[in-house]
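Q: Below are the sequence and a predicted model; questions follow.
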2 protein chains.
Amino acid sequence: MQNIPTPSLIIDLPTVKRNIARLTDYARQHNLALRPHTKTHKSLRMARMQLDAGAIGLTVAKAGEALTMGAVCRDIFVAYPALDPWRREHLATLAKTHSVRVGIDSTEAADLICDSATAAGVTIGILVDLDVGFHRTGLQSPRQALDLARHVSQRNGFRFDGVMFYPGHLKHPYDEQKKLLQPINAMLEQTLDLLRRDGLEAKIVSGGSTPTAYQSHLIPALTEIRPGTYIYNDMNTVSCGYVSLADCAARLACTVISTAVPGKFVIDAGSKSLTSDRRSIDPDNAGFGHVVEYPDAKIVRLTEEHGEVELGKSSRTPKIGERLHVIPNHICPCVNLQTMTWLKDEAGNLEPMAVDARGQVW
Amino acid sequence: MQNIPTPSLIIDLPTVKRNIARLTDYARQHNLALRPHTKTHKSLRMARMQLDAGAIGLTVAKAGEALTMGAVCRDIFVAYPALDPWRREHLATLAKTHSVRVGIDSTEAADLICDSATAAGVTIGILVDLDVGFHRTGLQSPRQALDLARHVSQRNGFRFDGVMFYPGHLKHPYDEQKKLLQPINAMLEQTLDLLRRDGLEAKIVSGGSTPTAYQSHLIPALTEIRPGTYIYNDMNTVSCGYVSLADCAARLACTVISTAVPGKFVIDAGSKSLTSDRRSIDPDNAGFGHVVEYPDAKIVRLTEEHGEVELGKSSRTPKIGERLHVIPNHICPCVNLQTMTWLKDEAGNLEPMAVDARGQVW
């Protein structure tokens, strides 16, 4: 392992396979379609593994990601109101050869995207976005959802396919989260009932973040889930109790570069390789990632190229040049910072792996 | 401007020229060498403009950045203990054709880098890193600095050139900051005195972040300053009172994509284009950047691809599809996230500009 530069993100292939198999088995058992969000890995190889295991399609956030992922998958859902002219024109082009669906929450977005679809002579599937409690995007009531579904179903270039939601407010231990599913079920049932009475069929009901993935069977209306983080995991999923450290497939290899300041050591991993993302639980105190070799230490401050680590109760002090591994707080933006990653196989061999959709900012 | 995709970082050329000219004039007036830190722009074109205006060389954080910037400059300072094997071997190679200096704070780093220098048959200049109060890296006392300087001056492959420091703890309004310069001056004077008595000459005394740049004349020992942010500025430099909004050269163009949730609107700029960096002053309340067209609004939450903006006292509500511009909290990691940027000239024309050293993670 000494022959790769630091900082470098190492992806453990056996752990990835286990993470994929576990969720795929769960989805199969509960008759849920699995459409992984590829924003986490941005990798064609990882996407192919998810599809080979049984995913029915892929989720992306951006048109650029859709174009990249289109190389390995014919069925793409853009969980984002992709209404910027560049995005909607490229999605319309992609829809000539691929099944493309988009999630929206306004008639304005609908009309803009529809203009591009009709200009390209394609049909784009639409999922109407519901706000189930995260209060970021999404329609506020079943009635609003019905109105937008009606609007969509009347436009050439569109096919109304159903509803989507993103339960981003749910990132708690499972027992706490369970009671928060009730209002989601109520909103979904009312919305689907209104649609049904209007003769509109929601073939797809798409939800399911990683934190809620294994509770998806408690939301009976769901037909499809879109978790992303589960493939690699991170300190956010560990600290919520969903997984253990051993389920974290991605670790940033780094080097100790200074021990000059008493009580701390410094690694060559800062905000430009780990991101400044704080942990979702206890952000003020949790630090900026978990140092595998010094579990009692805490990454107390990140600047661009430095991670400052307080030793805490650690009895050992690392040496300058020592190689360590950090499990990031939030793996998705961390992957996005890497020029490339390293895939570590069962035998411990490292192979370069591209972050294919990195730089697809649009 | 409607013809570029969003989010896109637009760099205003007239503002860049003004920012470069102002600091170059100041440095000239006070007989200080200017060696800008290129981590901010990572652009060969911007580096060339800084050099053409009078910078004597460039500063970088990484070996990869040094290799990139070596295309336009023969005199590179790596303000980082670049002791990872990949870094030190590449720096030794660069030193065959360029003047290369490195800042270090340990004999271990010295010996590792020296091994690579002697193996390549080159000489690397060394600046000894002093901790003047930021407590990240740097030797703790003049005596420790002397010991490392002695160690360095006895090694073939090295040339002892002087001392460096990074006053990262100073990011306050100028009047507050002024009194904090006194301990820096005391430590520098004691260190230089010790070195002098030992027959070691510090030809270079290198300091000067952007927050302290215009107070450099209050640190008489300084021979060289290494500010980075000043070329573009950001909400950190604005909120400290160093510059005004008009001095911010970099603005992220983005699009309003949702207004479904009452009291807020959503832009297509999240942590994957703005970073999660909080403002250095009042981080809990300052939000994640300044919306130029809605100065009373506040970016209250960033997820990967969404920026949620509360309207506050704004009387207008933006429309879906409306194009806005955000001045980031911290421009350096924001630039690092861009695949490319757009340079806007005096006439308002946009030209693509590469982020040449992006992806140089090592």
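A: Here it is on my side, so go on. Residues are numbered from 1 along each chain as shown, chains lettered A, B, ... in the order given.

Q: got a list of contacts for stretch A:132-144?
A: A:81, A:105, A:128-131, A:145, A:148, A:165-170, A:180, A:183-184, A:187-188, A:190-191, A:193-194, A:207, B:257-258, B:260-262, B:264, B:266, B:301, B:303, B:306, B:308 (CB atoms under 8 Å, 6 or more residues apart in numbering or on different chains). Where you see a C-beta, it was placed from the backbone N, CA and C, and this is true even at glycine.

Q: rerun at 7 Å
A: A:105, A:128-131, A:145, A:148, A:165-169, A:183-184, A:187, A:190-191, A:194, B:258, B:260-261, B:266, B:303, B:306, B:308 (CB atoms under 7 Å, 6 or more residues apart in numbering or on different chains).

Q: May I see the PyMOL selection of the buried members of those residues?
A: Restricted to buried positions by 16 or more other CB atoms under 10 Å in any protein chain shown, the PyMOL selection for those reads:
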select buried, (chain A and resi 105+128+129+130+131+145+148+165+166+167+168+169+184+187+191+194) or (chain B and resi 258+260+261+266+303+306+308)
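
Q: How many residues are close by the residue nearest to residue A:95 when sequence neighbours are not counted?
A: Nearest in space to residue A:95, with sequence neighbours left out and distances taken as CB to CB, 6 or more residues apart in numbering or on different chains, is residue A:122 at 3.9 Å. Neighbour count for residue A:122, taken as other CB atoms under 10 Å in any protein chain shown: 18.

Q: does residue A:122 sit in a helix or strand, and which one?
A: Using DSSP states H and E, residue A:122 sits within no helix or strand.

Q: contacting residues for it?
A: Going by CB under 7 Å, 6+ apart, residue A:122 touches A:92, A:95-96.

Q: Need those in CSV (columns: neighbour count, pLDDT and secondary structure).
A: Output for the contacts of residue A:122, formatted as CSV (neighbours: other CB atoms under 10 Å in any protein chain shown; pLDDT from 0 to 100; DSSP: H, G, I helix; E, B strand; the rest coil):
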residue, neighbour count, pLDDT, secondary structure
A:92, 24, 98, helix
A:95, 23, 98, coil
A:96, 10, 98, coil
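
Q: Just the closest of those to residue A:243, please.
A: Residue A:243 lies nearest to residue A:95 out of those, by CB to CB, at 36.2 Å.

Q: Just to check, that closest one is in contact with residue A:126?
A: No: applying CB atoms under 7 Å, one finds residue A:95 not in contact with residue A:126, separated by 11.9 Å.

Q: shared neighbours of the two, which are they?
A: Counting by CB under 7 Å, 6+ apart, no residue touches both residue A:95 and residue A:126.

Q: number of nearby residues for residue A:88?
A: That count, for residue A:88 with other CB under 10 Å as the rule, works out to 25.

Q: can you check residue A:18 too?
A: Residue A:18, neighbours per other CB under 10 Å, totals 14.

Q: Please apply the same query to residue A:121.
A: Per other CB under 10 Å, the neighbour tally for residue A:121 reads 11.

Q: what's the distance between the nearest residue to it once chain neighbours are set aside and chain B?
A: Once flanking residues are discounted, residue A:121 sits nearest to residue A:96: 7.8 Å by CB to CB, 6+ apart. Shown here: residue A:96 relative to chain B, a distance of 20 Å by CB to the nearest CB, to the nearest Å.

Q: just residue A:259 next, same as before
A: The gap separating residue A:259 from chain B is 7 Å, by CB to the nearest CB.

Q: For that residue, give me its contacts.
A: Counting by CB under 7 Å, 6+ apart, residue A:259 has contacts A:265, A:317, A:320, B:106.

Q: Residue A:59 reaches residue A:226, doesn't it?
A: Yes: with contact defined as CB under 7 Å, residue A:59 counts as touching residue A:226 (4.5 Å).

Q: got any residues that touch both of those two?
A: If you check residue A:59 and residue A:226 against CB under 7 Å, 6+ apart, the residues they both contact are A:35-37, A:79.

Q: Can you list the buried residues in the helix-or-strand element of chain A with minimal mean pLDDT?
A: The weakest-scoring helix or strand in chain A, judged by mean pLDDT, DSSP states H and E, is helix A:174-179 (a mean of 93). Buried positions in helix A:174-179, judged by neighbour count with 16+ other CB under 10 Å: residue A:177.

Q: Just the CA coordinates for that helix, please, in PDB.
A: C-alpha atoms of helix A:174-179 as PDB (Å, rounded to 0.1, in the frame of the first residue of the first chain):
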ATOM      1  CA  TYR A 174     -34.300   3.000  13.400                       C
ATOM      2  CA  ASP A 175     -36.500   3.000  16.400                       C
ATOM      3  CA  GLU A 176     -36.700   6.800  16.500                       C
ATOM      4  CA  GLN A 177     -37.300   6.900  12.800                       C
ATOM      5  CA  LYS A 178     -40.100   4.400  12.800                       C
ATOM      6  CA  LYS A 179     -42.700   6.800  14.200                       C
END
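
Q: Show me what it is packed against.
A: With contacts defined as 3 or more CB pairs under 7 Å, 6 or more residues apart in numbering or on different chains; DSSP states H and E, helix A:174-179 has no packing partner among the helices and strands.

Q: so after it, what's the next helix or strand?
A: For helix A:174-179, the succeeding helix or strand toward the C-terminus, using DSSP H and E, is helix A:181-197.

Q: Got the phi and psi for residue A:159?
A: phi -130, psi 120 (degrees, to the nearest 10).

Q: how about the nearest residue to it, chain neighbours excluded?
A: residue A:125 is the one closest to residue A:159 (CB to CB, 6+ apart), at 4.9 Å.

Q: Report the central residue of chain A.
A: Centroid check for chain A by CA atoms, centre = their mean gives residue A:228 as the closest residue, at 3.3 Å.

Q: Residue A:59 and residue A:226: who's more crowded?
A: Between residue A:59 and residue A:226, counted using other CB under 10 Å, residue A:59 has the larger neighbour count: 29 against 25.

Q: Return the set of residues that bridge with that one.
A: Per DSSP bridges, the residues bridged to residue A:59 are residue A:37, residue A:77.

Q: all strands for the stretch 1-150 of chain A, in order.
A: A:8-12, A:33-34, A:58-60, A:75-78, A:99-104, A:124-130 (DSSP state E, counting those that start in this stretch).

Q: would you turn these into CSV with mean pLDDT?
A: Below are the strands of the stretch 1-150 of chain A laid out as CSV (pLDDT from 0 to 100):
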stretch, mean pLDDT
strand A:8-12, 98
strand A:33-34, 98
strand A:58-60, 98
strand A:75-78, 98
strand A:99-104, 98
strand A:124-130, 98
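
Q: Need those strands in TSV (columns: distance to residue A:361).
A: Formatted as TSV, the strands of the stretch 1-150 of chain A follow (distance: least, CB to CB, whole Å):
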stretch	distance to residue A:361
strand A:8-12	19
strand A:33-34	27
strand A:58-60	13
strand A:75-78	15
strand A:99-104	18
strand A:124-130	22
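
Q: what residue ranges in chain A score low on pLDDT?
A: A:1-2 (pLDDT under 70).

Q: so who does residue A:213 touch?
A: A:23, A:225, A:227, A:230.

Q: Show me which residues of the stretch 101-250 of chain A sit near chain B.
A: A:105-106, A:108-109, A:112, A:131, A:135-140, A:168 (CB under 7 Å from any CB of the partner chain).

Q: Which entries within those residues meet the buried criterion?
A: A:105-106, A:108-109, A:112, A:131, A:135-139, A:168.

Q: Can you list which of the residues you listed are found in helices?
A: A:108-109, A:112 (DSSP state H).

Q: quick one, helices of chain A?
A: A:13-29, A:44-53, A:63-69, A:85-94, A:107-120, A:142-153, A:174-179, A:181-197, A:235-239, A:271-274, A:331-337.

Q: now for those helices, which one comes closest to residue B:30?
A: The minimum distance between residue B:30 and those falls on helix A:271-274, with 31.3 Å, by CB to CB.
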